[in-house]
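A.B. asks: build me a model from this:
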Amino acid sequence: MIVRWLAVAALAIAAAPATAETALPERTINLVVYGADPCPKSKDDEIVVCARRPEAERYRIPKPFRNPRRTDTASMAWGQQWSQMEDSTRFTRPDSCSVVGTGGQTGCMQSSLRQWWLERRAGY
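C.D. replies: Residues are numbered from 1 along each chain as shown. Model (predicted):
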């Protein structure tokens, strides 16, 4: 029975002539309104879609941002902290293969070997 209704509706839509009145508007506006705030009226060339939220949520931080993952060093293992610190300051030390720091040009071979070792360890 439902299939018959869907088939009739599909035929009616396909048989309807395309006119300027059935054309989609050029602009769609999506808004969130809080409490009893009115939804703005749409003009002839636009559609306004309003989602209504409670007044208590107007000035709250959205749920996905309320409890972010902790990335501070207090929640890291000490080995990971050391590794991160070593990587972030490597370019300032000698043998770093960079133009920054004293003797930076001497570490290009060590940098290549370090990269090779990390890739071997990761199983590439």
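
A.B. asks: please count neighbours and contacts with C-alpha atoms only from this point.
C.D. replies: Noted.

A.B. asks: can I see the domain layout of the protein?
C.D. replies: Annotated domains of the chain cover 23-60, 92-124 [automatic domain parsing].

A.B. asks: now the first one, how far from the centre of its chain.
C.D. replies: Here the centre of domain 23-60 is set off from its chain's centre by 23 Å, with CA atoms, centre = their mean, to the nearest Å.

A.B. asks: over to stretch 74-94?
C.D. replies: Centroid separation for stretch 74-94 versus its chain: 27 Å, with CA atoms, centre = their mean.

A.B. asks: which parts of that stretch are buried?
C.D. replies: Using 16 or more other CA atoms under 10 Å as the test for burial, stretch 74-94 gives 90-94.

A.B. asks: now tabulate those in a markdown table and tack on secondary structure, pLDDT and distance to V49.
C.D. replies: Below are the buried residues of stretch 74-94 laid out as a markdown table (DSSP: H, G, I helix; E, B strand; the rest coil; pLDDT from 0 to 100; distance: CA to CA, whole Å):
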| residue | secondary structure | pLDDT | distance to V49 |
| --- | --- | --- | --- |
| R90 | helix | 73 | 52 |
| F91 | helix | 70 | 52 |
| T92 | helix | 71 | 54 |
| R93 | coil | 71 | 57 |
| P94 | coil | 70 | 60 |
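
A.B. asks: let me know the closest of the residues you listed to W116.
C.D. replies: Nearest to W116 out of the buried residues of stretch 74-94 is R90 (CA to CA; 16.9 Å).

A.B. asks: how much space separates the nearest residue to the closest one once chain neighbours are set aside from S112?
C.D. replies: Computed as CA to CA, 6 or more residues apart in numbering, the closest residue to R90 that is not its neighbour in sequence is S96, at 6.1 Å. S96 sits 11 Å away from S112, going by CA to CA, to the nearest Å.
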